[in-house]
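Asks: Following is a predicted model, sequence given first.
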Amino acid sequence: VLPRARLAAARGSPGEGRDRDPPPGPEMARCPARRRGARSLARLLALACLAVHLQWFVVNAHGLSTVSSQQQQQQQHLEPLGSGLGPEAAAARRSRLLLAAPINSTNSTAPAPPPPPADGVITSWATTGGGASYDRLGSIAPDGAGGVVVSGTFSETATFGGVAHAGAGTDSDPKDTMLWRLDTNGSTAWFARVRGASKEAIHSVAQDRSAVAGGGGAGFVGAGFFSAMATFGWDAAAPGTGLVLQSVAAWDAALWKVSADGTTQWAVRGGGGLGTDYNYLRAVTAAPATAAAGAGTGEVAAFVAVGRIGTNTVTFGDVVLPGDGATRREIVMWKVSAAGTTQWAIRAGGVSSSSSGGSEGDLLFGVAWGRDGGGDGGGYTA
């Protein structure tokens, strides 16, 4: 393994031959046992050099493939020791440092753990619900306890949380809508349903944060629309439960409030006009109490929803919003109290002609509460 010249030089002059021992000194000549011990020590040193060179050859021949994950971590810690050196010198120095670490043969072939996702997001759980027909989720809101509440629509028979819900229309005519609460593990906490004779949809859901602050759990408000007659909080096991609303227009806007356990507390409609008008809500937000209404009490002062209304005169609570029957579709903002009583409603829009057909018109897609420093200290952006 060692070059012949280097081995001969270590033993003596080149002329003394490969198998000759170095000339004995006075002490060595008088003690044959010491002479034999020195010869054995020299052989042990040669074997040690051989072992080191063989280990270096095996590791480098395999491209350091036998280095365990523990050694890779050690290499990262030792990496700065190669700084300031050239690439070849730094690599050689790292090789020597790696060889100083023990090789764990039991871990040498173990696969490395998968790297973390690039965006840092790790899926905690995933679940599914629905059936063989048309099913869709509309929005999602945190429940204040590590879980979520989602809104959506479903058709025919759909299963959520292991429970089948039947009688929701056909694939081309989805009828029923719901709020579905899942806990921190993705398990179903409850499922609340709106059932009607025609189409219904809850497009948005917001958390009633006053209940969280007051220690009573989280309530939720859903915003959307319904048609004909619909029961909010319908239960197949108790068909007489829930609140029934009757629409005036083809679609009427609706707000639906449920408690922390999914029990319906109230449901209100807005809209009207003619049977050909379509009124619906696309988003809702919960506004905390302001200074004028008891800030710091943890109570929600109101809910504000936004969406679209038809061409004719519409009514939200006691508020009448006149229409001219010509402007295609306009936007609406609707504010109700924590108990569901209308506080105000406004409409706005352009001059799109109702004779244009299709879905032309104005529409608000989102709303948020925020302080503006004026009046009661709260404002809304849509």
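Replies: Cool, got the structure.

Asks: Can you name the element that comes right after the worst-scoring helix or strand of the chain on mean pLDDT?
Replies: Across the helices and strands of the chain, mean pLDDT, DSSP states H and E gives its lowest value to helix 87-99, namely a mean of 38. Tracing the chain C-terminally past helix 87-99 and defining elements by DSSP states H and E, one meets strand 130-131 next.

Asks: So which bits of whichever helix or strand comes after that next one are buried?
Replies: The first helix or strand that comes after strand 130-131 along the chain, using DSSP H and E, is strand 135-142. If you call a residue buried by 16 or more other CB atoms under 10 Å, then strand 135-142 has these buried ones: 135, 138, 139, 141. Placement of C-beta: from N, CA and C, glycine included.

Asks: Please report how far the last one lies from residue 179.
Replies: In other words, residue 141. Distance, residue 141 to residue 179, by CB to CB, to the nearest Å: 9 Å.

Asks: any residues in contact with both of these two?
Replies: By CB atoms under 8 Å, 6 or more residues apart in numbering, residue 141 and residue 179 have these common neighbours: 149, 150, 205, 220.

Asks: Residue 228: which of those residues is nearest?
Replies: Closest to residue 228 out of the shared contacts of residue 141 and residue 179 is residue 205 (22.8 Å), distances taken as CB to CB.

Asks: Which neighbours in the sheet does whichever strand or helix holds the closest one have, and how are they oriented?
Replies: Secondary structure assignment for residue 205, by DSSP H and E: strand 200-208. Strand 200-208 has the following strand partners under DSSP bridges: strand 219-226 (antiparallel).

Asks: Let's see the strand it pairs with as PDB, backbone CA atoms only.
Replies: These are the backbone C-alpha positions of strand 219-226, laid out as PDB (Å, rounded to 0.1, in the frame of the first residue of the first chain):
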ATOM      1  CA  GLY A 219     -71.900  31.300  16.900                       C
ATOM      2  CA  PHE A 220     -71.900  31.700  13.100                       C
ATOM      3  CA  VAL A 221     -73.800  33.700  10.500                       C
ATOM      4  CA  GLY A 222     -74.300  32.500   6.900                       C
ATOM      5  CA  ALA A 223     -75.200  34.700   4.000                       C
ATOM      6  CA  GLY A 224     -76.700  33.700   0.600                       C
ATOM      7  CA  PHE A 225     -80.200  33.300  -0.900                       C
ATOM      8  CA  PHE A 226     -83.200  31.000  -1.100                       C
END
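
Asks: Dump the following helix or strand past it to PDB, restricted to CA.
Replies: Sequence order places strand 229-234 as the next helix or strand after strand 219-226, per DSSP H and E. Extracted in PDB, the C-alpha atoms of strand 229-234 (Å, rounded to 0.1, in the frame of the first residue of the first chain):
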ATOM      1  CA  MET A 229     -90.100  28.100   0.600                       C
ATOM      2  CA  ALA A 230     -87.100  27.000   2.600                       C
ATOM      3  CA  THR A 231     -86.600  25.700   6.200                       C
ATOM      4  CA  PHE A 232     -83.400  26.900   7.900                       C
ATOM      5  CA  GLY A 233     -82.200  24.300  10.400                       C
ATOM      6  CA  TRP A 234     -84.200  21.400   8.900                       C
END
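
Asks: which outside residues touch strand 229-234?
Replies: 192-197, 200, 241-247, 254, 256, 258, 263-264, 267.

Asks: Now do the strand holding residue 205 and strand 229-234, the angle between them.
Replies: Calculated by axes from the mean of the first three to the mean of the last three CA atoms, to 10 degrees, strand 200-208 forms an angle of 40 degrees with strand 229-234.

Asks: now the angle from the one helix or strand residue 304 maps to to strand 219-226?
Replies: In this assignment (DSSP H and E), residue 304 forms part of strand 300-309. For strand 300-309 against strand 219-226, the angle by the same axes, to 10 degrees is 20 degrees.

Asks: Which other helices and strands does the helix or strand just after strand 300-309 contact?
Replies: Following strand 300-309 in sequence order, the next helix or strand is strand 314-316 (DSSP H and E). Under the contact definition 3 or more CB pairs under 8 Å, 6 or more residues apart in numbering; DSSP states H and E, strand 314-316 sits against strand 264-271, strand 319-321, strand 330-337, strand 342-348.
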